[in-house]
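Novice: return atomic coordinates for the entry below.
(one chain, ligands or ions: 1)
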Amino acid sequence: MTSFSERMAKAAKKSRIVLALDPVSRKSNLKYATGNIRAVAEHVCAVKINFHLLLPLSTSQIKEITELAHDKGLQCIADIKLNDIDNTNEIALEQLQKMGFDAVIANPFMGTSTLTALVQAAHKKNMGVIALVYMSHPDASEGYGLETSEDMMYRIFFGRAITARADGIIIGATQSEILKEISKKKKELGVPLDVYSPGVGVQGADAVTAAKNGSDYLIVGRAIIEARDPAKQARQMNEEVMRAFSA
Ligand code: XMP
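Specialist: So this is what the prediction gives:
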């Protein structure tokens, strides 16, 4: 079986958009998730599932969602921002694999060796790890933008993601300067880390600008799923983003 990064690269030929499947209605989370996947599958490369679905749904219901996503050629990313000791991280990984996930988002705050152990455990399962480097929300600077005696926190997290051989990193599309800085550094170092960026649309960032600033994948939730016509919105956004990548 191919690695998570290879599977993403294959899916990226069609789209660079990761759909954040965050329900706004509580009527039926399962129907909501499967309905949205069916509606926009053609225009996205992956789905990101957050606590919106992971907490209310059962393992078999989540599995139904990931199986449908896989049938449609989409990768499945668990957004749990994992940040714990080795043993707990491994158990979380095992459960996520049972649910059909291909990758997990993790917080490098856990430390370099713990993150490395997580990445190794994930790779053994053909899963991937995407490490937070700088989040998209306004007060993200209070953590990721902290200056320590060693360096800025986000640069330390970027270094940990490289050392641990993570598959990707998260930098908010709203953090234009950080995105440009880290993308430049990534190219200089020649490290194969994909940059995933949430923050497009409702949080204020523009997808094409983020792609130009160095994002490899745009994580988009409300701007697509709350649109009057999610399929049309996803198609338009993806066409614009794909044009930016081929320019
Ligand atoms: P919207 O509706 O704003 O949804 O497009 C964004 C989705 O992404 C999550 N989010 C993040 N996840 N690092 C992450 O791992 C981040 O910096 C970040 N910012 C937003 C958010 O929870 C939602 O699912």
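Novice: surely residue 105 and residue 135 touch.
Specialist: No. The pair residue 105 / residue 135 is not scored as a contact, 10.5 Å apart, by C-beta atoms under 8 Å. Every C-beta, even on glycine, is put in place using the N, C-alpha and C of the backbone.
Novice: list residues touching both of those two?
Specialist: Here residue 105 and residue 135 have residue 170 as joint contacts, going by C-beta atoms under 8 Å, 6 or more residues apart in numbering.
Novice: the protein: helices as residue ranges?
Specialist: Assigned by DSSP state H, the chain shows helices spanning 4-11, 29-40, 51-54, 59-71, 86-98, 112-124, 153-164, 176-189, 207-213, 222-225, 230-246.
Novice: go through those and name the closest to the ligand.
Specialist: helix 222-225 (3.3 Å; C-beta to the nearest ligand atom).
Novice: what's the closest one packed up against?
Specialist: Applying 3 or more C-beta pairs under 8 Å, 6 or more residues apart in numbering; DSSP states H and E, we find helix 222-225 packed against strand 17-20, helix 230-246.
Novice: burial count for residue 13?
Specialist: 9 (other C-beta atoms under 10 Å).
Novice: now do the same contact list for it.
Specialist: Per C-beta under 8 Å, 6+ apart, neighbours of residue 13: none.
Novice: for it, give me phi and psi.
Specialist: phi -70, psi -30 (degrees, to the nearest 10).
Novice: residue 206 against residue 199, yeah?
Specialist: No. Here residue 206 does not reach residue 199: they are 9.8 Å apart, not a contact under C-beta under 8 Å.
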